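> need the 3D shape of this:
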Amino acid sequence: MVKACILLIEGTNCEDETRRALDGVGIEAELVHLKQLTGNVSKERRRNLLDYQILMFPGGWSSGDYVRAGAIFAARIKSRLMPQLSEFIDNGNLIAGICNGFQILTELGILPGFDGISRHPEAALTTNKPARFQCRPTYLRHENSCKVTGKIDEGKVLQIPVAHAEGRFTFGEKDEEFLQRLIDNKQIVFRYCRADGEDAGKFPWNPNGSLHDIAGISNPEGNVLGMMPHPERAIDGIQAADWTRSNKDEGDGRILFESIKEHANKI
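Have a look, this model is predicted:
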């Protein structure tokens, strides 16, 4: 059976929704504290990252998002777990980081990963424009398929909620240069859009001011995905903002987890 590790530390708070989403598509998901992978627990509680096929970084405010969002979680991983994590990726296993998880993957230098894992972050998820917490439904257009999103048709529009204060994707002074690399590599997986699939263009369709309406990217190999919106909060039809009119049995987020299972079965 496909096994998923949902990695958490203090401040992580979306682990239960993530486990429910994975369990719902038939993936055996386990909540694992970082200390269980680094060996700082009793022997019977220790876990080995390489025993899993999927690694999930769920949302939340790891370590209170002090310093920068995701920075402390990433620093702790770098100090103790980076060789195993690098091997995990090289083996073709799947990683998905949602919201705070996306922030962690950028802090680790795993995303965008133009030339492999970078020593220092190449991108940032910084303060929203407008500068306030956004908790609202958004629409995403599936721009390019990756190994984590294989069941989703390119161009399909999904309604997925966001909940973040630091979700604005940027390369800073290298916005133009690095955006072109993302486009050329087809690493832009999701972009914020309007309900009809047209470009977002401005707030509120783009809820945070992200460069090029970017909501999610992958590494060049396509087995690592980071995204700001929360698909684990859009599993059931009743979770859709328009559920009284849509009468959907399933939320738009479920297909992402079905995609994860489909590819993980091939590993």
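
> for the stretch 51-200 of the chain, just list every one of the helices.
Along the stretch 51-200 of the chain, the segments classed as helices by DSSP state H, counting those that start in this stretch run 71-80, 82-90, 100-107, 175-185.

> pick the most buried one from those.
Comparing these by mean neighbour count (mean count of other Cβ atoms under 10 Å), helix 100-107 ranks first with a mean of 28. (Glycine included, C-beta is placed from N, CA and C.)

> show me what that one is packed up against.
Contacting helix 100-107 under the criterion 3 or more Cβ pairs under 8 Å, 6 or more residues apart in numbering; DSSP states H and E are the following elements: strand 54-57, helix 71-80, strand 94-98, strand 124-126, strand 224-227.

> which other helices and strands does the second one contact?
It refers to helix 71-80. helix 34-38, helix 100-107.

> now the ones you listed in TSV, with mean pLDDT?
TSV is the format used below for those (pLDDT from 0 to 100):
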stretch	mean pLDDT
helix 34-38	98
helix 100-107	98
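
> same list (the ones you listed) but as CSV, adding distance to P229.
CSV is the format used below for those (distance: least, Cβ to Cβ, whole Å):
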stretch, distance to P229
helix 34-38, 24
helix 100-107, 10
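
> counting by contacts, list what the helix or strand bottoming out on mean pLDDT in the chain packs against.
None of the helices or strands of the chain scores lower by mean pLDDT, DSSP states H and E than helix 243-246, at a mean of 88. Contact partners of helix 243-246 among helices and strands, from 3+ Cβ pairs under 8 Å, 6+ apart: none.

> and the residue nearest to G113 when sequence neighbours are not counted, how far from G97?
Using Cβ to Cβ, 6 or more residues apart in numbering and skipping residues adjacent in sequence, the residue nearest G113 is N219, 3.8 Å away. N219 is 11 Å from G97, where distance means Cβ to Cβ, to the nearest Å.

> same question, L31
Taking Cβ to Cβ, one finds L31 at 16 Å from G97.

> those two: which is more packed in?
G97 (27 against 16; other Cβ atoms under 10 Å).

> so how far is L105 from K35?
20 Å.
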